[in-house]
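Enquirer: Based on what follows, work out the 3D shape:
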Amino acid sequence: MAELSQGRLKDRRPLSIIDIGSNSIRLVVYEGLARSPTLLFNEKMLAGLGRGIVSTGKLDPEGVTRSMEEFRRFRALSEQAGADRMYVLATAAAREAVNGPDFIHRAEEVLGTEIRVLTGREEAYFSALGVISGFHPADGIAGDLGGGSLELVDVRGEAIGDGITLPLGGLRLQDMSKGSLAQAARIARTELARAKLLNVGRGRTFYAVGGTWRNLARLHMNTTGYPLEVMHHYRMDPASLVPFLRQVARGDVEKIKGIEGVSKNRRALLPYGAAVLNEIVTAMEPTNVVVSALGVREGFLYSLLNDEERRSDPLISAAEELALLRARSVRHAHELTEWTRKSFVAFGLDETDEEARYRHAACLLADIGWRAHPEYRGRQSLNIIAHASFIGVDHPGRAFLALANLFRHDGVFNESFAPELKELATPRYLERARVLGAMMRVVYLLTASMPGVMPKLRWEDKGNGVLALIIPAAFGQLYGERPAGRLAQLAKVTGRKLVLAVEDGPSVAVK
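Expert: Prediction:
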């Protein structure tokens, strides 16, 4: 293999997955097997293999021909990307069609590897694992809508509960209803009445998986003017979602604001996906509908990890990888994590477990923009973090991570940039992002962004409400006007009286 760019993690061996669905076939090459997988290459085709399967019992002939041509290309692309393993998964259409076995045999010859045809139970299992891997933690009903089937399964933490496979995939529902959207809604209602597990989902989250639902969510984003175009963990309130779903389910999608943001090839199935989701929301009464960008493929990858790797935090893992690739010193980032933890304690700032995770991730990401011009580091870092392919973080948490980095570079009282993200963050997250950014601004001037100093710095209570940041005598020459000025900003943000002092040396009270 050619020498890897330094923008790649050198301990990773690429692997690829070809996912043969009822509507689409996708090749994804991953950088390697990891808790938070990174896409190295990604391509799909809309083959429509399941089109007409209800009436003919067979895979669509044109789709079969086009698929075989694409399989040759996908195999070549996988080899070109350096994947040393290729897994091929097939779902509803291939397992149900009478000519499915012949199609699989031909595809195996072209691809040069065995194809795993998933049962409905296996498809539901891997889809559930995908949701489990992407949320911290997952708790609700995961629903994976493909072209041929809908898999519903109960997920709670690492536990997978009851599941059911229903013939409600978009292509199948279109065929079953003979193109009648009213009939499609009735079929969905009848089939979902068999899904008794929706009753135990009441008051919990529904996780929407699959391309049709992701495109529905994208249209919902465009309609509502949502400020962050990130699909994973996009949360929709059922009360406001239902009128939108009913509008889409009537079929007048071309009149909906923002429809140009959805591929024309995907628009035809949106009404069927909306009809199914509307019936689920009505029957289940979830507190939220949340989009999962992770499904069967990612669940299958997750199943390949060992127990220790599964238990690792996906957000922290991804942030650490980004620090390794882009920061000046990963060790400095770890020191920052511990120093800010002690600083929060010294300031009497309590943290939930989730807030501590987010602070940890923000510290790992604090220096990823250092190669940019100083005037643009904050904005560049904010855009990278806000739109990174992170999992295990909700959108307010993502806004916190991005804003902490913005404040660290551009100043804690910068109100001119990213008003949408400031609105997305909760008031508490916004306040904590300012505090964390202000702490970073102090300590980076005392460390030159290099490790070794931070563990020696300490906070000391001087009484009368005064808190001193003590620089050991051995590092006394790091004392100066600029860090003292930054400490004044931290004092203003926190409302504390702060002092910067060298052990047995000068000190400056910050008022």
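Enquirer: Over to the residue nearest the centre of the chain. Which of the three states is it?
Expert: For the chain, the residue nearest the mean C-alpha position is Ile391 (3.3 Å; Cα atoms, centre = their mean). Put simply, Ile391 is coil when judged by DSSP: H, G, I helix; E, B strand; the rest coil.
Enquirer: Could you find the closest non-adjacent residue to it?
Expert: Gly134 (4.3 Å; Cβ to Cβ, 6 or more residues apart in numbering). Bear in mind the C-beta positions are built from the backbone N, C-alpha and C, glycine included.
Enquirer: Does that neighbour touch Ser292 like I think?
Expert: Yes. Using Cβ atoms under 8 Å, Gly134 makes contact with Ser292 at a distance of 5.5 Å.
Enquirer: For these two, list the residues in contact with both.
Expert: His232, His233 (Cβ atoms under 8 Å, 6 or more residues apart in numbering).
Enquirer: thinking again about what came up before, phi, psi of the residue nearest to the centre of the chain?
Expert: Dihedral pair for Ile391: phi -120, psi 170, per degrees, to the nearest 10.
Enquirer: go on, Phe206?
Expert: According to degrees, to the nearest 10, Phe206 has phi -100, psi 120.
Enquirer: From Leu228, how far off is it?
Expert: The gap separating Phe206 from Leu228 is 20 Å, by Cβ to Cβ, to the nearest Å.
Enquirer: do Asn215 as well
Expert: 17 Å.
Enquirer: So Phe206 and Leu228 - more neighbours on which side?
Expert: Phe206 (23 against 18; other Cβ atoms under 10 Å).
Enquirer: Distance of the residue nearest to that one when sequence neighbours are not counted relative to Pro243?
Expert: Nearest non-adjacent residue to Phe206, counting by Cβ to Cβ, 6+ apart: Pro286, 4.2 Å away. Pro286 is 16 Å from Pro243, where distance means Cβ to Cβ.
Enquirer: and if you look at Gly130?
Expert: Gly130 is 29 Å from Pro243, by Cβ to Cβ.
Enquirer: Among those two, which residue is more densely surrounded?
Expert: Between Gly130 and Pro243, counted using other Cβ under 10 Å, the more crowded position is Gly130 (29 against 10).
Enquirer: for whichever strand or helix holds that one, packing partners?
Expert: Using DSSP states H and E, Gly130 falls within helix 120-134. Counting contacts by 3 or more Cβ pairs under 8 Å, 6 or more residues apart in numbering; DSSP states H and E, helix 120-134 packs against helix 92-96, strand 139-145, strand 150-156, strand 159-166, strand 205-209, strand 288-292, helix 296-304.
Enquirer: ok, now with 6 Å
Expert: strand 139-145, strand 150-156, strand 159-166, helix 296-304 (3 or more Cβ pairs under 6 Å, 6 or more residues apart in numbering; DSSP states H and E).
Enquirer: Nearest to Ala501, out of the ones you listed?
Expert: Smallest distance to Ala501 across the helices and strands packed on helix 120-134 (Cβ to Cβ): 47.7 Å, for strand 139-145.
Enquirer: quick check: mean pLDDT across the closest one?
Expert: Averaged across strand 139-145, the pLDDT comes to 98.
Enquirer: Just checking: what are the partner strands of that strand?
Expert: strand 150-156 (antiparallel), strand 205-209 (parallel) (DSSP bridges).
Enquirer: quick one: contacts for Trp213?
Expert: Residues near Trp213 by Cβ atoms under 6 Å, 6 or more residues apart in numbering: Leu145, Gly273.
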